[in-house]
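# Sequence and computational prediction follow.
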There are 4 protein chains.
Amino acid sequence: MSSDLTIDDVQALVTRAPFHRWLGLTVTAVHDDGIELTAKWREDWVVNTEHGYTHGGVLAALIDLAADWAMVKQTGRGVPTVDLRVDYHRPARRGDLNARGKVIRSGRQFATAEAQIFDAEGKLLASGRGTYLTAPPL
Amino acid sequence: MSSDLTIDDVQALVTRAPFHRWLGLTVTAVHDDGIELTAKWREDWVVNTEHGYTHGGVLAALIDLAADWAMVKQTGRGVPTVDLRVDYHRPARRGDLNARGKVIRSGRQFATAEAQIFDAEGKLLASGRGTYLTAPPL
Amino acid sequence: MSSDLTIDDVQALVTRAPFHRWLGLTVTAVHDDGIELTAKWREDWVVNTEHGYTHGGVLAALIDLAADWAMVKQTGRGVPTVDLRVDYHRPARRGDLNARGKVIRSGRQFATAEAQIFDAEGKLLASGRGTYLTAPPL
Amino acid sequence: MSSDLTIDDVQALVTRAPFHRWLGLTVTAVHDDGIELTAKWREDWVVNTEHGYTHGGVLAALIDLAADWAMVKQTGRGVPTVDLRVDYHRPARRGDLNARGKVIRSGRQFATAEAQIFDAEGKLLASGRGTYLTAPPL
């Protein structure tokens, strides 16, 4: 079931999406049941200019895609998100973000995966989980 | 409890955030318990260039902020998101998006609000809900 | 797509489950895209004997089943729950509970439905939504 | 911050609730940031008599309370649940259930905790997370 995709293969797949390029994504590790990525900070992310907080929507996007691509060795691609839950633990300040995705349970029709977002010092900023469609389209 | 904020006031508050400007947000209505906004499509949103699908992270961001700002008459500002749930109903194709946020229940410590995202034809693309912190910081 | 099930038919289907009997469920209305039920209070529900609060797990069960059975005209039965979100708005005190379920979006592979729980005075105690599997088992 | 509660102390606190007694809860371990419990199967849990499946509402209740009581060393008691997410991974068949709760992030106003439910063979049946109110009532 597990494919032979390398980090470079996954980076190439990820980079095809304009939204992923806007997020400045670099794939730093690909595991059988997980993935690690870095997103490059940009001013466009900011919701509060005084404190430089990154908008929760950017964190939600990173949670979604890290959980989704955690399954890339099985799916060979990003798959449709059915639903998503995100918990915000600490404000995200200016700076690149690290995301880790991990499969919780993968089935033939759908899968559950989780993800965590860390700042450069390794502090947990947000975490969450989603349901992903692994069945072929009807 | 309900403030005298006009649409123009809320638009001015919303526009201060670089992320909101990147989303091209226009506030089209402000109710006592809700808000309506439009986001202007941009190529950066796309996850799948073949079909022109907008990334779910953009929809999640719109769900979050529409639910958050649904309470603006009570809060006078965007408030911290505690957690968020998003359900994806249909692929979002190229085009501007309409978001509606509505308060479900507002308390002194936290509030629950929900939001829906529609395309230009009024089709429901995504919906969700979040928990928001209404208590003053400790 | 919509079946000819009556309230009595749905009541009979619901009552087959021991857990539903334990909840004392009465089906009070069946709509094309929704359902209404009442659950009969019992001492076993209580988490806090001083205040007589009903445990959130009982409310979660009612949210789940009201959302699930909201689709009964399409599904003809209860279907597997993929995931569930519940928001708690007010403590539930001693007394029967009313639950309303409503379909948000129904597809061929899965559906999203929501539900609300009210006390006897019509106060909203909890609400939530879930993803349900509508595809035939693989 | 961490209290001196023993397993027996926590068992005594848990057992005060009629709902917890109905679930047949035994506390098997208490950690600084977590808890382990067993729930004793009963016929009342069943949703499908043919296959003997336990209703998802029972699993949701166990997820909620295991996540909630994961913080007992900090909170000294069960605390109000703000919201809950549950993911269902496999059908739960007749038999006792094991639940493990773990704190993800605990703050002065609210905390996030997660939980997993296993069958007697250690198979993961369900998992989830919730937001809990750790602030004193206003």
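Here it is on my side, so go on.
# In the one helix or strand residue A:86 maps to, which residues are buried?
With the criterion set as DSSP states H and E, the secondary-structure element containing residue A:86 is strand A:81-88. Residues of strand A:81-88 classed as buried under the neighbour-count rule (16 or more other C-beta atoms under 10 Å in any protein chain shown) are A:81-88. For every residue, glycine as well, the C-beta is placed using N, CA and C.
# Show me which pair in those residues is furthest apart.
Of all pairs drawn from the buried residues of strand A:81-88, the one with the largest separation by C-beta to C-beta is A:82 and A:88; the distance is 21.3 Å.
# circling back to that earlier point, close to chain B, is the strand holding residue A:86?
Yes - contact of strand A:81-88 with chain B is found when judged by C-beta under 8 Å from any C-beta of the partner chain, involving A:81-88.
# could the buried residues of strand A:81-88 go into a markdown table alongside pLDDT and distance to residue B:40?
As requested, these are exported to a markdown table (pLDDT from 0 to 100; distance: C-beta to C-beta, whole Å):
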| residue | pLDDT | distance to residue B:40 |
| --- | --- | --- |
| A:81 | 98 | 23 |
| A:82 | 98 | 27 |
| A:83 | 98 | 26 |
| A:84 | 98 | 23 |
| A:85 | 98 | 28 |
| A:86 | 98 | 24 |
| A:87 | 98 | 29 |
| A:88 | 98 | 26 |
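# Please give me every residue in contact with the residue nearest in space to the middle of chain A.
Within chain A, the residue whose C-alpha comes closest to the C-alpha centroid is residue A:66; the distance, by C-alpha atoms, centre = their mean, is 1.9 Å. If you count contacts by C-beta atoms under 8 Å, 6 or more residues apart in numbering or on different chains, residue A:66 has them with A:35, A:37, A:99-101, A:115-117.
# Could I get the phi/psi values of it?
Per-residue torsions, residue A:66: phi -70, psi -40 (degrees, to the nearest 10).
# Close to chain D: what parts of chain A are there?
Residues of chain A lying close to chain D by C-beta under 8 Å from any C-beta are A:85, A:87, A:89-90, A:104-105, A:107, A:112, A:124, A:127, A:129, A:131.
# Considering the residues you listed, which possesses the most neighbours?
residue A:87 (28 neighbours; other C-beta atoms under 10 Å in any protein chain shown).
# what are the ranges of the helices in chain A?
Listed in chain order, the helices of chain A (DSSP state H) span residues A:7-15, A:18-22, A:56-69, A:72-75.
# So which of the residues of strand A:81-88 next to chain B reach chain C?
Among the residues of strand A:81-88 next to chain B, the ones lying near chain C by C-beta under 8 Å from any C-beta are A:82-83, A:85.
# And stretch A:53-62, what's buried?
Under the neighbour-count criterion of 16+ other C-beta under 10 Å, stretch A:53-62 has A:53-62 buried.
# could the residues you listed be laid out in TSV, adding distance to residue C:73 and pLDDT?
Converted to TSV, those look like this (distance: C-beta to C-beta, whole Å; pLDDT from 0 to 100):
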residue	distance to residue C:73	pLDDT
A:53	46	96
A:54	44	98
A:55	41	98
A:56	37	98
A:57	36	98
A:58	41	98
A:59	39	98
A:60	34	98
A:61	36	98
A:62	39	98
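# Any stretches of chain A with poor pLDDT?
Scanning chain A for pLDDT under 70 picks out A:1-2, A:137-138.
# Tell me the residues of it that contact chain B?
Residues of chain A lying near chain B (C-beta under 8 Å from any C-beta): A:16-22, A:43-49, A:54-58, A:60-62, A:64-65, A:78, A:80-88, A:91.
# Can you name the residues of chain A that neighbour chain C?
By C-beta under 8 Å from any C-beta, the residues of chain A that approach chain C are A:82-83, A:85, A:108-110, A:112, A:131, A:133, A:135, A:138.
# change it to 7 Å
Within chain A, the positions near chain C by C-beta under 7 Å from any C-beta of the partner chain are A:82-83, A:108-110, A:131, A:133, A:135, A:138.
# Convert the C-alpha atoms of stretch A:19-33 to CSV, please.
Presented in CSV, the C-alpha positions along stretch A:19-33 are these (Å, rounded to 0.1, in the frame of the first residue of the first chain):
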residue,chain,number,x,y,z
PHE,A,19,-1.8,28.3,-2.5
HIS,A,20,1.0,26.1,-1.3
ARG,A,21,3.5,28.3,-3.0
TRP,A,22,1.9,31.3,-1.3
LEU,A,23,2.4,29.5,2.0
GLY,A,24,6.1,29.0,1.1
LEU,A,25,5.9,25.3,1.9
THR,A,26,9.1,23.1,2.2
VAL,A,27,8.6,19.4,2.8
THR,A,28,11.3,18.4,5.4
ALA,A,29,10.3,14.8,6.1
VAL,A,30,8.0,12.1,4.8
HIS,A,31,7.2,9.1,6.9
ASP,A,32,5.0,6.1,6.2
ASP,A,33,2.3,7.6,8.3
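# List the buried residues for it?
Residues A:19-20, A:22-23, A:25-27, A:30 are the ones in stretch A:19-33 that count as buried (16+ other C-beta under 10 Å).
# Farthest pair within those residues?
Of all pairs drawn from those, the widest gap by C-beta to C-beta lies between A:22 and A:30 and measures 21.6 Å.
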